[in-house]
Each structure stands twice: as structure tokens, then as C-alpha cells.
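Enquirer: What follows is a predicted structure for the sequence shown.
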Amino acid sequence: MTERTLFIIKPNVTEKHRIGEVIAAIEAKGFRIVDMKMERWDEVRAGGFYEVHRGKPFYGALVEFMTSGPVVPIVLEAENCVEALRNAIGATDPAKAEEGTVRKRFGDSLTRNAVHASDSPENAKKEIAYVFGG
Ligand code: CMP
């Protein structure tokens, strides 16, 4: 089934000027870009996005990182898009991600892990609405 998901390129990639490489890797795997923008998040915006993680030990570092530079949110479309993208980006911790995955190639640490992808079709809808509106 054709599905959409939210993909976010994080500040450790934008600061290294490697946005194009990440997008090329994703397009090469067959994901189609249907919407995209570059913006800077403040604490309220980043905190709202990661609301489910509020109170966890890594929450402060996560929000600090996500507000440290521009992010590039992208709506992607493909067959079975949510699961396929999770597989393409690899494990949350780049050190544990498989060879060839986006986080293995572009991640620096568990916090600075290069990209975000929605973890379920329900969350994809919610996250697309939160970031792109409507
Ligand atoms: P992301 O997929 O954007 O979702 C939540 C983020 O929290 C995750 O990527 C990581 O960057 C970050 N994070 C930091 N520490 C942890 C942890 N121990 N478990 C899960 N996520 C973590």
C-alpha cells in the first residue's frame, strides 16, 4: 500500500553540509519526496514534537540538539513507506546501525543520529500534521 511518512534531517547533517547526500541516498532507495522545507526549531516546537519523550533522561539533550541548527523535514511516499524507511535509516544508535544505512553513514552518536523517521503509520500522520500543518 502506498503510504507516507515523516523524515527529518537533523542539525548534525545540516551543519556538515551533507543534506544532498542524505536526500540522494533516500531517493536512490525509491522514496519519493512529496513535501520538504528547511527551518529552525525553538524549544517549544522541538519539545512538542518529542512530547512522548518528555521526562526521559535523554530528553534535554535531544531538544538542545534539535534546536542547535536547521532541520529539514521531508514528507516521503512509497509502498510500505513507514517500515521501509525505518529499515533504510537503521538502528537509533548509529554504532548499532547496519552498514549502508543512513544513520551508519551520517550519524555521530545516539543523540546526533542524523535523521528521524516516524515509527508507525498513526504517528506518521500525526507528525506530518504537526510539522507541515493540515
Ligand atoms: P529519533 O528517532 O529522532 O527519536 C527520539 C530521539 O531521541 C532518537 O532519535 C535519538 O536521537 C534520541 N535518543 C537519545 N538517547 C536515546 C535513547 N537512549 N533511546 C532512544 N532515543 C534516544
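Expert: It's in. Numbers count the residues shown, from 1 in each chain.
Enquirer: Excluding chain neighbours, give the residue nearest to Ile9 in space.
Expert: Computed as CB to CB, 6 or more residues apart in numbering, the closest residue to Ile9 that is not its neighbour in sequence is Val72, at 3.9 Å. Bear in mind the C-beta positions are built from the backbone N, C-alpha and C, glycine included.
Enquirer: just Arg18 next, same as before
Expert: Nearest to Arg18 is Phe106, by CB to CB, 6+ apart, at 6.2 Å.
Enquirer: picking up where we left off before, need the mean per-residue confidence for the helix or strand where the residue nearest to Ile9 lies.
Expert: Element membership for Val72, per DSSP states H and E: strand 72-79. Strand 72-79 shows a mean pLDDT of 98.
Enquirer: And the following helix or strand past that strand, what does it pack against?
Expert: Counting by DSSP H and E, the next helix or strand C-terminal to strand 72-79 is helix 81-89. If contacts are counted by 3 or more CB pairs under 8 Å, 6 or more residues apart in numbering; DSSP states H and E, helix 81-89 sits against strand 2-9, helix 19-28, strand 72-79, helix 102-106, strand 115-117, helix 121-132.
Enquirer: quick one, what contacts the residue nearest to Ile9?
Expert: Ile8, Ile9, Val13, Thr14, Ile19, Met36, Lys37, Met38 (CB atoms under 8 Å, 6 or more residues apart in numbering).
Enquirer: go with 7 Å
Expert: Ile8, Ile9, Thr14, Ile19, Met36, Met38 (CB atoms under 7 Å, 6 or more residues apart in numbering).
Enquirer: Return the closest of those residues with respect to Glu122.
Expert: Ile8 (17.4 Å; CB to CB).
Enquirer: quick one on the thing from earlier: quick one: the helices and strands packed on helix 81-89 as CSV, columns for distance to the ligand too.
Expert: Below are the helices and strands packed on helix 81-89 laid out as CSV (distance: least, CB to the nearest ligand atom, whole Å):
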stretch, distance to the ligand
strand 2-9, 7
helix 19-28, 14
strand 72-79, 12
helix 102-106, 9
strand 115-117, 3
helix 121-132, 10
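Enquirer: Perfect, that will be all.
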